[in-house]
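*Asks:* my questions concern the predicted model and sequence given below.
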Amino acid sequence: MADLRVSLSGLVLDNPVIPASGTFGYGAEFKNFYDLDILGSFSFKGTTLQPRFGNPTPRIAECPGGMLNAVGLQNPGIDAVLAHELPQIATFFHKPVIANIGGFTVEEFATCCAKIESAPQVGLIEVNVSCPNVHEGGVNFGSTPEGAAAVTRAVKQVTSKPVYIKLSPNVGDIAAVAKACEEAGADGLSLINTLVGMRIDPKTRRPVLANGMGGLSGPAIFPVAVRMVYQVAKAVRIPVIGMGGIDSADKVIEMMMAGAAAVQVGAANLVDPYASKDIIEALPAAMQRYGIARLSDIVGAALA
Amino acid sequence: MADLRVSLSGLVLDNPVIPASGTFGYGAEFKNFYDLDILGSFSFKGTTLQPRFGNPTPRIAECPGGMLNAVGLQNPGIDAVLAHELPQIATFFHKPVIANIGGFTVEEFATCCAKIESAPQVGLIEVNVSCPNVHEGGVNFGSTPEGAAAVTRAVKQVTSKPVYIKLSPNVGDIAAVAKACEEAGADGLSLINTLVGMRIDPKTRRPVLANGMGGLSGPAIFPVAVRMVYQVAKAVRIPVIGMGGIDSADKVIEMMMAGAAAVQVGAANLVDPYASKDIIEALPAAMQRYGIARLSDIVGAALA
Amino acid sequence: MERQGFYTITENRPLTGQVYKMVLAGDTTPLTAPGQFVNVKVEGCYLRRPISVADWDDGTLTLLYKLVGEGTHRMAQATPGAQLDLLCGLGNGYDTTACHRTALLLGGGVGVPPLYGLAKRLLAEGKTPVVLLGFGNAQEVFYTQEFAALGCKVLLATVDGSAGTKGYVTDLLRQVEVPYDYFYTCGPEPMLRAVYGACSTSGQLSFEERMGCGFGACMGCSCKTLTGAKRICKDGPVLCKEEVLWQT
Amino acid sequence: MERQGFYTITENRPLTGQVYKMVLAGDTTPLTAPGQFVNVKVEGCYLRRPISVADWDDGTLTLLYKLVGEGTHRMAQATPGAQLDLLCGLGNGYDTTACHRTALLLGGGVGVPPLYGLAKRLLAEGKTPVVLLGFGNAQEVFYTQEFAALGCKVLLATVDGSAGTKGYVTDLLRQVEVPYDYFYTCGPEPMLRAVYGACSTSGQLSFEERMGCGFGACMGCSCKTLTGAKRICKDGPVLCKEEVLWQT
Ligand SMILES: Cc1cc2nc3c(=O)[nH]c(=O)nc-3n(C[C@H](O)[C@H](O)[C@H](O)COP(=O)(O)OP(=O)(O)OC[C@H]3O[C@@H](n4cnc5c(N)ncnc54)[C@H](O)[C@@H]3O)c2cc1C
Ligand SMILES: Cc1cc2nc3c(=O)[nH]c(=O)nc-3n(C[C@H](O)[C@H](O)[C@H](O)COP(=O)(O)OP(=O)(O)OC[C@H]3O[C@@H](n4cnc5c(N)ncnc54)[C@H](O)[C@@H]3O)c2cc1C
Ligand SMILES: Cc1cc2nc3c(=O)[nH]c(=O)nc-3n(C[C@H](O)[C@H](O)[C@H](O)COP(=O)(O)O)c2cc1C
Ligand SMILES: Cc1cc2nc3c(=O)[nH]c(=O)nc-3n(C[C@H](O)[C@H](O)[C@H](O)COP(=O)(O)O)c2cc1C
Ligand code: FES
Ligand code: FES
């Protein structure tokens, strides 16, 4: 029997496949397609202290092998998530969930994470310091080691749950940011968020997205994601959740060999609601193809 | 009649389409496919002071919507290019050519460019401070504003030809690097070079490329390229040559609306040797579709 | 309830130079209301393409789609016998119970398709749809005969006057001779605004937005309404006149 | 001279569980020597896939290809009548003038295909090809009968001994009863090395490398030789024994 289990800072997952934040809502839209308990976990929509409507539309643009989004962290706010979404999730998902948290100031990140402390359903906090769609004159904490470390320290002070910092790929040296987070006490890292991109509509001569730029996700970014996971896994000792363009069991295996202890599946869920399920079900055969008995054995196999 | 002409620092091109360095050799392999004089110009293979064999093989990996290469600047060296390749090019290409120059020290870039001064065939020098495949313990000048500016200054001192600095996309703030080059005297900018990426072979559990990492090109990177051209065109007043994933006339128009005064076509030439020709021939119909009489009118149309 | 499935093309042919009709055989049980849509996987495109269901029965559904860009051009090349991957039964669709006797159905361009299924449903419920259709010019006109064949009164406008009344759909309102108690509309946003302003009764408007998923997961298609943020793909595409909040 | 063109599939069927034969109709004038290859555009893959031409005549060419990854699996799904975009006439191919009377042809696995066209050419020139083929096991064996039908002597080895002699192609050398003046080989690199070491005559070896273009433009496939850097796709894939420089 193929052993698909992986472990993230003590949290044992039945398999490494986690739908990525922003592509799975709070789960409700997918529970009609399949039983969500087959998932390793899922990372819910990026949640902020205050409710947010997000950016004006169009928020979506088609790209070769991927898509741009500029949703801008639309969410009902942390209090509504704790009061309504988590109880809702409890009715159809019976495993620890990953809480993805966004913010605009260090204090905001900390306040949000402190509130989550009271939610036993949350097994891990994923702190998104890298959303490319919300620099409202504010800082993208993920683009500097100092910024990412400051958020890490503040969050670690207010929670006992494992804290994973979600890194931006829009930097020159991702290993430096990763190391700064590790030193600041992060339990793990999530990467990559989307690459900043743009499409222009030749008919209107304007950017397709109302916001101008957006975040590129999907298969197009897979090689960049593998490279960054590889660089980060080489640089730190804490676990890495790898994502970016994963849409098959083979890509899960490739990402884990690059150093990912678990993986997230993002845009693939949008074009095929069964994507995460299909990947999980294809994993045992893929493992057999490559002579893998225990999936956790291959984490970082290519780093040697 | 559609007017396809564009101008780069006084050099007038019949159309904006320029095969990109490293994907067109020194032209000889393409002259059997079509008459190269239909091109705006072409940028020859990145040339260094000394001859180079480049990296070990495999140097190529397939990706979703693109490819990785880790050729590592294989070239016969600047003296051989001046003595043999340029005279050869003169037999089948009767327009000014773009000389793409690589290097490992500021002095090397300058020495190379000084040698080119004597070649009237060269209309423009493209200084590649951004090759991701050759950090032999050396510096990638393209990753810092200071490094790129230092190369720019050194090269400008030794040549009277227009100098375009080719920028790396593997940075956090490409506009800052662009501005540093402009201030240092660059006549224009070329972007983007390839994004650093990696693929792993699940059978061998090793990176596909002997070099580990390589540069991602092809349609996958198009949205990132458009975004960076847009950001740079906003930040500087010198012309920008835009490239990255262009494989159709529509994409040429999109890139020009983002701010490119001309464009380069790279990986597309490799999968379809007629790509640059087909794009040039498709431009008039595309211009008509979008109500464009003079192509140069749309440069930066989306920046407003 | 939305569902994913494979459908077999039984017909795919041009109605006009730009608009195609595609008939697909497969499971239509996910469809519950006219005005719902499907999201079509097109080989070579990353995102699916949302297209309204114009008509359906127990085993087939009809799409009427305009050639716009790569996705719809590729759809037009598909041949009968080929299979298409659809997400079916998406969106809320029109609520026909809101109309009591006579409804105006106002459609513009590729906003016309969902009104056909709506007209059929209204007729089945014993109500009277009066159909007002607008197109650019005579060459672009489609489906007027199909509406007429249902037994509907059909009024036609073209912008250049080459067929029917010269002008917009709203210019047809004065030709409506029966009292109506409700309206349903679908078309480009400027048309929706004009209809919203011109029709004094209550009504329902179907909106378009660029979509990431089409089933409510990505928040790509959100719009502000007087009753809060709504996802066009899941809580729409049909909004009631009373909740519409126009962005300037 | 290499050329791009569209070719119509006339046959595409499995020879073994893993190896397919595809026959294509189209312009074969770019082909000048056995051992040349084509570069196949596969819908859904970015790079073309290089495949040796096993055989060709005035209007058709034959490919024998093994299912490896996405590209070759997609090729196997193509049906007769479909068109494929090929770059044709790539590479130098084998030089048959180097052999005077009798040549050993040593092929392993999917290195076997180019030797078929080579055997035909040698026979046409009045020379005697002796064919030594190696496979993993009996299930993987293909094309021995086709070589025999040309009138060649064929010796077979399999690694597990389930067909022919147990062992490698080089283990067949002692069964060669005629003197030979030259060898030609194609197969995985370990086999090429073994053949290089085991055959005392001069000869030619065909190499594989990952390719960006297949026609000499990208420097993706370079290898060092004793006569300088060569591009496997353009200056190869065939190298003379005397110029081969093994990388450790
Ligand atoms: C709920 C809904 C129902 C629709 N019903 C119909 C219909 O019945 N008939 C019909 O012809 N068209 C309909 N459309 C519009 C149709 O979705 C677009 O014309 C189509 O997606 C264009 O795809 P393309 O690849 O040809 O064009 P491209 O411009 O190349 O598409 C690029 C991207 O933009 C999106 N896009 C482009 N135009 C639109 C648009 N108007 N609305 C939403 N997304 C768009 C595409 O889906 C794709 O993601 C509907 C749209 C929505 C939202
Ligand atoms: C000159 C030449 C002639 C060849 N002739 C034949 C032949 O006659 N029959 C046959 O079965 N195979 C032949 N091959 C090998 C064939 O090219 C590969 O098996 C094929 O490209 C695999 O593609 P894939 O998508 O199925 O595999 P994947 O592993 O998914 O391919 C991924 C990438 O790696 C490349 N690749 C993978 N394996 C090889 C390889 N062995 N050599 C070069 N590139 C590779 C692919 O082209 C593609 O770019 C030849 C290779 C070369 C270079
Ligand atoms: C529509 C959309 C919304 C997203 N929203 C969030 C978010 O709220 N928080 C976050 O951390 N990442 C968000 N992401 C990024 C994804 O979680 C993921 O990091 C990225 O898309 C790369 O993975 P993929 O290529 O598999 O999609 C979003 C991505 C998409 C496509
Ligand atoms: C095989 C290959 C070799 C390249 N070599 C060079 C080079 O020598 N010098 C250089 O400036 N850029 C080089 N590039 C980068 C291209 O010029 C171009 O910037 C990049 O590929 C993006 O464009 P594309 O997506 O159209 O290929 C190379 C690209 C490829 C694919
Ligand atoms: S398109 Fe994804 S929520 Fe509507
Ligand atoms: S594959 Fe491009 S030079 Fe050989």
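*Replies:* Happy to help now that I have it. Everything numeric in this text was worked out from a predicted model, so none of it was measured. Ligands and ions are numbered 1, 2, ... in the order given.

*Asks:* quick one: C:E243 and ligand 2, what's the gap?
*Replies:* 51 Å (CB to the nearest ligand atom, to the nearest Å). Heads up, the C-betas are built off the backbone N, CA and C, glycines and all.

*Asks:* no no, A:G212
*Replies:* A:G212 is 35 Å from ligand 2, by CB to the nearest ligand atom.

*Asks:* identify the bridge partners of that residue.
*Replies:* As for beta bridges, A:G212 partners with A:L209 under DSSP bridges.

*Asks:* and C:G108, by the same measure?
*Replies:* Applying DSSP bridges, one finds that C:G108 bridges with C:G134.

*Asks:* in whichever strand or helix holds C:T10, what's buried?
*Replies:* Using DSSP states H and E, C:T10 sits in strand C:3-14. Of the residues in strand C:3-14, C:3-5, C:7, C:9, C:12 count as buried by neighbour count, 16 or more other CB atoms under 10 Å in any protein chain shown.

*Asks:* okay, the angle between whichever helix or strand comes after it and strand C:3-14?
*Replies:* As assigned by DSSP H and E, the chain's next helix or strand after strand C:3-14 is strand C:19-25. With axes from the mean of the first three to the mean of the last three CA atoms, to 10 degrees as the basis, strand C:19-25 and strand C:3-14 are set at 130 degrees to each other.

*Asks:* helices or strands up against strand C:19-25?
*Replies:* Contact analysis of strand C:19-25 by 3 or more CB pairs under 8 Å, 6 or more residues apart in numbering or on different chains; DSSP states H and E lists strand C:3-14, strand C:60-66, helix C:70-77 as its packing neighbours.

*Asks:* all helices of chain C, in order?
*Replies:* For chain C, the helices defined by DSSP state H cover C:70-77, C:113-124, C:144-150, C:189-198.

*Asks:* which of those is buried the deepest?
*Replies:* Of all the helices of chain C, helix C:113-124 carries the top mean neighbour count, a mean of 23, counting by mean count of other CB atoms under 10 Å in any protein chain shown.

*Asks:* spell out which parts of the stretch 101-250 of chain A neighbour ligand 3.
*Replies:* Applying CB under 6 Å from any ligand atom, we find that the stretch 101-250 of chain A lies next to ligand 3 at A:128, A:131, A:166, A:193-194, A:217-218, A:221, A:243-246.

*Asks:* min pLDDT across those residues, which one?
*Replies:* Lowest pLDDT within these is found at A:C131 (69).

*Asks:* tell me the spacing between the residue of chain C found nearest ligand 4 and chain B.
*Replies:* Nearest residue of chain C to ligand 4: C:Y46, at 17.5 Å (CB to the nearest ligand atom). Computed with CB to the nearest CB, to the nearest Å, the distance linking C:Y46 and chain B is 9 Å.

*Asks:* quick one: strands adjacent to the helix or strand that A:I165 is a member of?
*Replies:* According to DSSP H and E, A:I165 maps onto strand A:163-166. Here strand A:163-166 is paired, per DSSP bridges, with strand A:122-128 (parallel), strand A:188-191 (parallel).

*Asks:* the longest one: how far from the chain's middle?
*Replies:* Its chain's C-alpha centre and that of strand A:122-128 lie 10 Å apart, by CA atoms, centre = their mean, to the nearest Å.

*Asks:* need the three-state assignment for A:I98.
*Replies:* Assigned by DSSP: H, G, I helix; E, B strand; the rest coil, the conformation of A:I98 is strand.

*Asks:* okay, now the spatially closest residue to it that is not a sequence neighbour: neighbour count?
*Replies:* Nearest-residue entry for A:I98: A:S43, 4.0 Å, with adjacent residues in sequence omitted and distances by CB to CB, 6 or more residues apart in numbering or on different chains. Residue neighbour count, defined by other CB atoms under 10 Å in any protein chain shown, stands at 27 for A:S43.

*Asks:* do the same with A:D187
*Replies:* Other residues close to A:D187 by other CB under 10 Å number 21.

*Asks:* in contact with it, which residues?
*Replies:* A:9, A:162-164, A:238-239 (CB atoms under 8 Å, 6 or more residues apart in numbering or on different chains).

*Asks:* now, among the residues you listed, which is nearest to ligand 3?
*Replies:* Nearest to ligand 3 among the contacts of A:D187 is A:Y164, at 10.4 Å by CB to the nearest ligand atom.

*Asks:* who's in contact with the residue lying closest to the closest one once chain neighbours are set aside?
*Replies:* Counting by CB to CB, 6+ apart, A:Y164 lies nearest to A:G188, which is 4.2 Å off, once chain neighbours are set aside. Residues in contact with A:G188, defined by CB under 8 Å, 6+ apart, are A:8-9, A:124, A:162-165, A:238-241, A:261.

*Asks:* separation between A:G188 and A:P162?
*Replies:* 6 Å (CB to CB, to the nearest Å).

*Asks:* show me whatever sits in contact with both of the two.
*Replies:* Common neighbours of A:G188 and A:P162 are listed as A:8-9, A:124 (criterion: CB under 8 Å, 6+ apart).

*Asks:* next, format the contacts of A:D187 as TSV and append distance to D:Q77, pLDDT and neighbour count.
*Replies:* Below are these laid out as TSV (distance: CB to CB, whole Å; pLDDT from 0 to 100; neighbours: other CB atoms under 10 Å in any protein chain shown):
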residue	distance to D:Q77	pLDDT	neighbour count
A:S9	44	97	16
A:P162	45	97	20
A:V163	47	98	25
A:Y164	41	98	29
A:I238	44	98	20
A:P239	39	98	22
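
*Asks:* format these as a markdown table; extra columns: distance to D:S202.
*Replies:* Output for the contacts of A:D187, formatted as a markdown table (distance: CB to CB, whole Å):
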| residue | distance to D:S202 |
| --- | --- |
| A:S9 | 63 |
| A:P162 | 66 |
| A:V163 | 67 |
| A:Y164 | 62 |
| A:I238 | 59 |
| A:P239 | 57 |
